[in-house]
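1. just need the structure, nothing else, for what follows:
(2 chains)
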Amino acid sequence: MSSMDPTEAFRQEASELFETLEGALLDLGLRPDDRELVDSAFRALHTIKGSGAMFGFDRVAAFTHEFETAFELVRKGEIKPTQELIAVALAAKDYIRALIEAPDSADSIIGDAILDDLKRFVSPTAQVLPVGSNADIPPVSESRPAGWQLRLEFESHILRNGSNPIDLLDDLCKLGPCFVVPLTDGVPLLDELEPEDCYLKWDVTLHGACDKAAIDDVFMFVQDEMKLTLAQVERAAPVLAMPIADVELAAPPAPAPTAASVPAAAEPAAPSERKREEPRRTEERGIATVRVQAERLDELMDRVGELVIAQARLSQLAAVGSDLSIKMIAEEIERLAASLRDTTMGARMVPIGSLFGRFRRLVHDLSRDLGKPVEFVTSGEDTELDKTMIECLADPLVHLIRNAIDHGIEDTETRAAAGKTEQGRIELQAIHSGAQVLVTVKDNGGGLNTARIRAKAEELIAPGAAMSDHEIHQFLFHPGFSTAQTISALSGRGVGMDVVKRTIENMRGSIDLSTKAGEGTTVTLRLPLTLAIIEGLLIRVGEGRYIIPLPAVEECVELTAEDERSRGRNFLNVRGNLVPFLRLRDILDVPGAPGQHQKTIIISTGETRVGLVADQIIGNHQTVIKSLSKLHSDVTIFSGATILGDGTAALILDVAQLVALAQSRAEKQQMSEAA
Amino acid sequence: MATVLTVDDSPSIRQMIKVVLEPAGHNVIEAGDGAQGLAKAQAGKLDLVITDLNMPVMNGLELIRALRKLPSQVGLPIVFLTTESNDALKQEAKSAGATGWITKPFKPEQLLAVVNKLVRS
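-> Below is the predicted model of the structure:
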């Protein structure tokens, strides 16, 4: 890669060298006599040193030089690489890595400590070293500690005597970088809490070679009112370099510039705040560093799906049986499977809201540039979609929103003339619908000009051909098709809708347009979830069992004799509102007479409500959605299938399709009644 | 800047404390005995009290105990002046509620170190 930034190239090279180095060091632990391994470790070190100096990583070069020198005896074969020595060498390697990757977080105190350790391990054969350097190396028994591990436990009245543990922690921080962790287990419940008492304990890791006297000095006034547990840390773990840096960021301005810790507070509330802070930061780092191939996640998801199904069978068996211990295990497994499922799903899914947020600015800018006031409304931000899918959706949505503002929304005069509000409105919505997520972009503009699209289309097809409006609108997705008379910077180039369509289809989704002259246009993107697990309502119709996605279910009502009598009209009176209903027995062609107590499940998509009549409502069901095969691609009212606890299959009803079906039936009925 | 009350029956000690602390930016109030000191403490907010133990009218121990009972001075750091030899008295003063101590004779930097240790901005 010739275009790569040389520093970046060095980082990459170094990263490979570190792997070599680490591998060699670890192998050396197993085969201490292998000269080849020592040499390979040395070569890696040498290259890091040389390149580091060239690319301005002076600290790396300096440290690596020291490391190399100390390690020289191993290379000469004068000392054997012991486990301890390898451990130090690995720590040194980590430190060099930190120097390269995050130079600010690598504290030179840690580096010095590592070097001291290294020298200590290789110096027992002191006669080899020149006298001068020998003087620098303290005798082993009095080796300068790399740091201190302290536990501070104060007597509860400490605050009343005018001592403040925060101040003491501050003083401690002046001795060297500290990593402070408050221990809150002694804090009682609020009603037992004495506000003037100190309940907290602290664990402090102090990095720095200060003497014990300096630490004692900090606690001079409170020594007999506290328990101070003090232990030397022989080697400062370089891993800690990261938390230290983080704490530094989180800390309020400390009184001394060298203080590198949060002065943990004496109030019980404050430490919990700090604790919250910490895991979050760890999490952020995790997101930044862990990359997993998408296929692996898919595989994992499949396994989890199968596990959930197997678990459902176990639960069912356990529920039928009378063995209490099996029941307990089944419950435990149910809980574990559920959390495993959530975690796995969570690994892939992100709320679409992160995407919606970006469009606010886009709408704002466009509306200003075009002089069309537009209200931008979003809903369903917490609808979750696969992360890669969300990334792919950004461009198509930008295009659709631009179109909606540029072409959809009329200018203010036209709107005023049509009796509309001056401000246009664009709605961006995401909802879950069975195994799909529907993303809609809806404007309340003038709608598509079907005649003009037809005229333009007739350049491509035979004039006068019989085509439905829907078919005509499909021309908008043809490459190079544009009805715009003038090309603006925003749209009208005829490039776009075809790209949008292609992008969506690449995601195995589909795009649909619906428009009403004078009222606006709605573009609906249907995006599949290859596998998802939803909460479903399990129902029975005849012998078959079906799932209705629970989010779509509003309520369940008994189908009364009166409703039954209205056969043919198919409207249900729900608290004064007429709701059209569908008999699932009719739609699914179930033979035989329905049972006595039929139930109606009211489902809704947005504003439209529809009743579905079923024979029985069985209950909630954790539904693992499996897509239907291609052979069933023309089946519209099912969005997928699932496997029930007893191993039989249940089909998942496509709520959106059923609502549309009921609506069209209701409209037909109204028209025939009117006729 | 902190308000420091120095309570001592010896004006020279009070003077020395004042001479050390005032250039360091602190406001020094003086009291000649425990009773006066208590009255000063009741009159306004303090950041630190430096008191001798052996004083007429109300001694240092009594002053410390009285100050600890003042609701307006909760958490007030109180430092007493003591001599190296008197460990029992030191313990007594600590259990009366003192925060720290300064051993006589002290150097200006020692005094400042203690004040800076207990007074935070």
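
2. got a list of what A:Leu99 touches?
-> Residues near A:Leu99 by C-beta atoms under 8 Å, 6 or more residues apart in numbering or on different chains: A:57, A:59-60, A:63, A:106, A:111. From N, CA and C alone the C-beta is placed, and that goes for glycine too.

3. ok, for A:Leu651, nearest residue in space, not its chain neighbours?
-> A:Phe638 (4.6 Å; C-beta to C-beta, 6 or more residues apart in numbering or on different chains).

4. related to what we said a few turns ago, between the contacts of A:Leu99, which is nearest A:Asp586?
-> For the contacts of A:Leu99, the residue nearest A:Asp586 by C-beta to C-beta is A:Ala106; the value is 72.7 Å.

5. contacts only, for the residue most central in space within chain B.
-> In chain B, the centroid-proximal residue (C-alpha atoms, centre = their mean) is B:Ile50; its distance is 1.2 Å. Contact analysis of B:Ile50 by C-beta under 8 Å, 6+ apart lists B:4-8, B:17, B:79-81, B:102, B:115.

6. swap in A:Leu355?
-> The neighbours of A:Leu355, taking C-beta under 8 Å, 6+ apart as the test, are A:390, A:393-394, A:397.

7. nearest to A:Leu228 among these?
-> If you rank the contacts of A:Leu355 by distance to A:Leu228 using C-beta to C-beta, A:Ile390 comes first, at 52.6 Å.

8. for the residue nearest to the closest one when sequence neighbours are not counted, which three-state class applies?
-> Of all residues not flanking A:Ile390 in the chain, A:Leu355 sits nearest, at 5.4 Å (C-beta to C-beta, 6+ apart). Under DSSP: H, G, I helix; E, B strand; the rest coil, A:Leu355 falls in the helix class.

9. ok, now A:Val624?
-> Secondary structure, three-state DSSP: A:Val624 is strand.

10. A:His207 and A:Ile461: what is the separation?
-> 77 Å (C-beta to C-beta, to the nearest Å).

11. those two: who's more crowded?
-> A:His207 (24 against 12; other C-beta atoms under 10 Å in any protein chain shown).

12. any chance of the contacts of B:Ile50 in TSV, plus secondary structure?
-> Below are the contacts of B:Ile50 laid out as TSV (three-state DSSP):
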residue	secondary structure
B:Val4	strand
B:Leu5	strand
B:Thr6	strand
B:Val7	strand
B:Asp8	coil
B:Ile17	helix
B:Val79	strand
B:Phe80	strand
B:Leu81	strand
B:Ile102	strand
B:Val115	helix
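
13. now these in a markdown table, with neighbour count and pLDDT?
-> Shown next, in a markdown table, are the contacts of B:Ile50 (neighbours: other C-beta atoms under 10 Å in any protein chain shown; pLDDT from 0 to 100):
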| residue | neighbour count | pLDDT |
| --- | --- | --- |
| B:Val4 | 25 | 91 |
| B:Leu5 | 27 | 92 |
| B:Thr6 | 24 | 92 |
| B:Val7 | 31 | 91 |
| B:Asp8 | 24 | 87 |
| B:Ile17 | 23 | 87 |
| B:Val79 | 24 | 91 |
| B:Phe80 | 25 | 90 |
| B:Leu81 | 24 | 86 |
| B:Ile102 | 17 | 86 |
| B:Val115 | 22 | 88 |
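
14. which one of those residues is nearest to A:Glu331?
-> Closest approach to A:Glu331 among the contacts of B:Ile50 (C-beta to C-beta): B:Val79, at 62.0 Å.

15. what pLDDT does the model give A:Ile487?
-> pLDDT, A:Ile487: 48.

16. what's the burial count for B:Ile64?
-> Residues near B:Ile64, counting by other C-beta under 10 Å, number 26.
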